[in-house]
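1. Sequence and predicted structure below; questions after.
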Amino acid sequence: MGAFSCFFASLLLFTSLNFHPGLCWEAEDGGGDVVTRTGREATEMLVGGGGTPHAPSPLPPSEPLHPQQAGPRFENALLQRDYFTIQRFAKRIQSDPLGYKKTWVGTNICKYRGFTCERLQTGARLNALAAVDFNGANFDGKNLRLDDFLEKLNELAIFHANSNNFKGTVPQNVSKLPYLYELDLSNNKLSGAFPTEVVKSTNLTFVDLRFNKFRGGVPRNAFNLGVDVFFINNNGFTTLPSNIGSTLALFLTFANNRFSGTIPSSIGSAKNLREILFLGNNLTGCLPHQIGFLNKATVFDVSGNSLTGPIPQSFGCLVKMQLLNLASNQLYGRVPEIVCRLPNIARLTLANNYFTQVGPYCRRLISLGRLDVRRNCISGLPAQRSGAECAAFFSQRRHCTNERLMRRIPCKRTLMSLNITDTNWEKENIGPAAATYGTLVPHGP
């Protein structure tokens, strides 16, 4: 049975599985009981743009309706307008391997493959186009662009177009679509600078731009959006602004770009953050001790960069952390025992660095198969670097600024109050599958 939303800010919208920012929604659970959740809770359960969207009913149009023109009969003027927009767009599609366009005949666009309509819940209760799902359609064409199409669908709430061959960038005036809150343009051939229309689209809660050819810096305003999900991995982005900690996002993926410089220290202010991927970039400098303030984070991955220095003691405050990957950097020093005693850690990956010591709790984590320290400089452990490699690395002087802060444990009392017993700590902790790792595949998650 379809889900339905509850009142918020005096607006009543109907939804089906998906969510609208700020709205709470209700759906039947497996036992037939009705469960009410907020939009943010829904986000934590429903991360990804790979599935078929179920659209909420949009609000009434901001423009007055015009009388229908003579000719084919349409259910209403909104659908008539979108019919002509769709037919113009169809002419750009030269390759349609799954036969979407075969269904785009007649005046009932609500039956077209890839399009979903919902009835407006106020005023005349008109039917309107609410969602577009081209995920996996593999459309192609010499002039296959989103211009004169996406920005013309005035009542649109959801647009998913993963795995096609769209070129150009996000069209102008997309930010003026008043109800658009999910935008998935992943795995296409879009290019240029970070699209300004995305930054100006203040209603967005889901943004997926991964696997395109965008380049340059990510603008500061991108982290002022009220998004829950922000996927920009596998592009050519080069710089991150200093204000990334302003984000309200739950899930961030910066992986496999060309980011350089240090991780902004403001990251510790991203209080909602659950999962973040920095892997596969050119990041340098030391790990900011502020990362330890991410007390809701379960996944943190900076593998495959050029980071250096010790692991900040503040990482021992990441009490919900399950997957912590610092592999393939130039980190060194002793592996903090407080990190090895994180209560929910399922996998701690420190391979391909230059760590020199591990204490008893870390050694026990190794024996449990939850700590990987291969190819380091730890005496007495197998599969370590050669003495010559380690000597060459340590022959160069290395240090971090604010080393005093690297030794600070801001949550010491909190950790002491956890009373982690050896029995609980040694229990197998597999943890849930990380949602963000699915974004590293073009057709996922």
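-> Happy to help now that I have it.
2. just the helices in the stretch 301-445 of the chain please.
-> 337-340, 360-367, 387-394, 403-406, 412-418, 422-426 (DSSP state H, counting those that start in this stretch).
3. I misspoke; the intended subject was the stretch 151-300 of the chain.
-> Under DSSP H, counting those that start in this stretch, the stretch 151-300 of the chain gives helices at 196-200.
4. which helices and strands does the helix or strand encompassing E118 pack with?
-> E118 is part of strand 115-119 when elements are defined by DSSP states H and E. With contacts taken as 3 or more Cβ pairs under 8 Å, 6 or more residues apart in numbering; DSSP states H and E, strand 115-119 sits against strand 127-133. (Each C-beta comes from the backbone N, C-alpha and C, glycine too.)
5. now for the strand it packs on, which elements pack on it?
-> helix 77-90, strand 115-119, strand 158-160.
6. looking at the ones you listed, which is buried most?
-> Highest mean neighbour count among the helices and strands packed on strand 127-133 (mean count of other Cβ atoms under 10 Å): strand 158-160, with a mean of 23.
7. Quick one: closest of the helices and strands packed on strand 127-133 to D133.
-> D133 sits nearest to strand 158-160 of all the helices and strands packed on strand 127-133, at 5.0 Å, using Cβ to Cβ.
8. Within the sheet, what are the partner strands of that closest one, with directions?
-> According to DSSP bridges, strand 158-160 forms sheet pairs with strand 127-133 (parallel), strand 182-184 (parallel).
9. Paired strands for the strand holding E118, with orientation please.
-> strand 127-133 (antiparallel).
10. Okay, now the unreliable bits of the stretch 1-150 of the chain?
-> Counting by pLDDT under 70, the stretch 1-150 of the chain shows low-confidence ranges at 1-71, 122.
11. Go again with 50.
-> Along the stretch 1-150 of the chain, segments meeting pLDDT under 50 span 1-65.
12. now the strands for it?
-> With DSSP state E, counting those that start in this stretch as the criterion, the stretch 1-150 of the chain has strands at 4-5, 24-28, 34-38, 115-119, 127-133.
13. again, but for the stretch 151-300 of the chain
-> Using DSSP E, counting those that start in this stretch, strands in the stretch 151-300 of the chain cover 158-160, 182-184, 191-193, 206-208, 213-217, 229-231, 236-239, 251-253, 260-261, 275-277, 282-283, 299-301.
14. before we move on, back to that, let me have the helices and strands packed on strand 127-133 in a markdown table, extended by distance to A391.
-> Formatted as a markdown table, the helices and strands packed on strand 127-133 follow (distance: least, Cβ to Cβ, whole Å):
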| stretch | distance to A391 |
| --- | --- |
| helix 77-90 | 63 |
| strand 115-119 | 64 |
| strand 158-160 | 53 |
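15. And those: which comes nearest P382?
-> When the helices and strands packed on strand 127-133 are compared by Cβ to Cβ, strand 158-160 sits nearest P382, at 47.6 Å.
16. Now the closest one: average pLDDT?
-> Taken as a whole, strand 158-160 has a mean pLDDT of 98.
17. from the chain's centre, how far out does it sit?
-> What separates the centre of strand 158-160 from the centre of its chain is 15 Å, taken as Cα atoms, centre = their mean, to the nearest Å.
18. Likewise for stretch 151-158?
-> How far stretch 151-158 lies from its chain's middle: 22 Å, per Cα atoms, centre = their mean.
19. circling back to that earlier point, out of the helices and strands packed on strand 127-133, which is closest to A255?
-> Closest to A255 of the helices and strands packed on strand 127-133, according to Cβ to Cβ: strand 158-160, at 21.0 Å.
20. mind checking how far N212 is from A346?
-> Computed as Cβ to Cβ, to the nearest Å, the N212 to A346 distance reads 32 Å.
21. quick one: which of these two has more around it?
-> Between N212 and A346, counted using other Cβ atoms under 10 Å, N212 has the larger neighbour count: 22 against 17.
22. out of everything not next to it in sequence, what's closest to that one?
-> L190 (4.3 Å; Cβ to Cβ, 6 or more residues apart in numbering).
23. what pLDDT does the one you found get?
-> On pLDDT, L190 comes in at 98.
24. got the contact list for it?
-> Residues near L190 by Cβ atoms under 8 Å, 6 or more residues apart in numbering: 166-170, 209, 212-214.
25. can you check Y361 too?
-> By Cβ under 8 Å, 6+ apart, the neighbours of Y361 are 337, 340-341.
26. Disregarding flanking residues, what is the spatial nearest neighbour of it?
-> Y361 sits nearest to C340 (Cβ to Cβ, 6+ apart), 4.4 Å away.
27. circling back to that earlier point, tell me the phi and psi of the residue nearest to N212?
-> L190 adopts backbone torsions of phi -70, psi 150, taken as degrees, to the nearest 10.
28. Distance of it relative to T308?
-> Separation of L190 from T308 (Cβ to Cβ) stands at 35 Å.
29. what does G136 give?
-> From G136 to T308 the distance is 42 Å (Cβ to Cβ).
30. Name the residue in those two with the higher neighbour count.
-> Legend: neighbour count by other Cβ under 10 Å for G136 and T308, higher for T308 (19 against 15).
31. what residues are up against that one?
-> Per Cβ under 8 Å, 6+ apart, neighbours of T308: 284-286, 329-332, 398, 400.
32. Repeat the analysis, applying 6 Å as the threshold.
-> By Cβ atoms under 6 Å, 6 or more residues apart in numbering, the contact set of T308 is 330, 398.
33. for F149, what are its contacts?
-> So F149 contacts F89 (Cβ under 6 Å, 6+ apart).
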